[in-house]
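Student: Below is the structure, and that's it, no one-letter string:
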C-alpha cells in the first residue's frame, strides 16, 4: 500500500502536538517549583542539599548523549550502519548513566530524611526532576525499541522517520534539563 504525503505527515503532526502538551506540562511544574522553592518548612534548602559537582557531571553526560544522538542521526542519513549502531548505543548508555545518577541522588535525599513529604520545596523538586527522569526512562525504552527494529529490519524510511522523532524528543529533554540545571540547581544554590 502506498502512503500519501498527508498519511506520512500525520504521525509527525501528532508527535509535535504531544511535544507541545509536554512543554506546557513542564512549564506548569517549573512555575510550581518557582513558587515553592523557598517553602522549606524550616528544613534544608537547595544550597544545603545539592552537590553542584554531581549535577554538573550529570549535565555533561546528558549533553554528550544528545551529541551522540545527533551523530547517530547523521550516520543513519548516510547509511553508515556501524556508526549508527555505535552512536545510538552511546546515546542510550549516557542516558542510562544520567538516570542512574539522578536515582542515586533521590535515594540519598530520601535516606537522609529529605523526601518529597519533607517540605513543599522538596515536593516540587522531586516532581520536576522526577518527571524529567521519567521522560528519560521512556526515551531509553523508545531507543531500545528502535535498535531492535534496526536489528530486525535494517535501514529504511520507516526507521529514519521514527529515529527523527526520537531525536527530537531526546533533544527536547536536553533543553528541559538545561532549564532544570539553571533554575533548580544554579539559581537555587546561589540564591
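Tutor: Cool, the structure landed. The model shown is predicted, which means the values in this text are computed figures rather than measured ones.
Student: Now do the least confident helix or strand in the chain by mean pLDDT: which elements does it pack against?
Tutor: Lowest on mean pLDDT, DSSP states H and E among the helices and strands of the chain sits helix 188-190, with a mean of 81. On a contact count with 3 or more Cβ pairs under 8 Å, 6 or more residues apart in numbering; DSSP states H and E, helix 188-190 meets helix 46-49. For the C-beta atoms, the positions are set from N, CA and C on the backbone; glycine is no exception.
Student: Show me which residues of the helix it packs on are buried.
Tutor: Neighbour counts over helix 46-49 (16 or more other Cβ atoms under 10 Å) mark 46, 49 as buried.
Student: elements contacting the helix or strand following it?
Tutor: For helix 46-49, the following helix or strand on the C-terminal side (DSSP states H and E) is helix 52-77. When contacts are defined as 3+ Cβ pairs under 8 Å, 6+ apart, helix 52-77 packs onto helix 81-111, helix 157-180.
Student: Run the angle between helix 52-77 and helix 157-180 for me.
Tutor: 160 degrees (axes from the mean of the first three to the mean of the last three Cα atoms, to 10 degrees).
Student: Helix 52-77: which residues count as buried?
Tutor: Applying 16+ other Cβ under 10 Å to helix 52-77 flags 55, 58-59, 61-66, 68-69, 71-73, 75-76 as buried.
Student: now do stretch 106-123
Tutor: Neighbour-count burial for stretch 106-123 flags 106, 109, 114, 116, 118-123 (criterion: 16+ other Cβ under 10 Å).
Student: same thing with stretch 124-139?
Tutor: 124-126, 128-129, 131-133, 135-136, 139.
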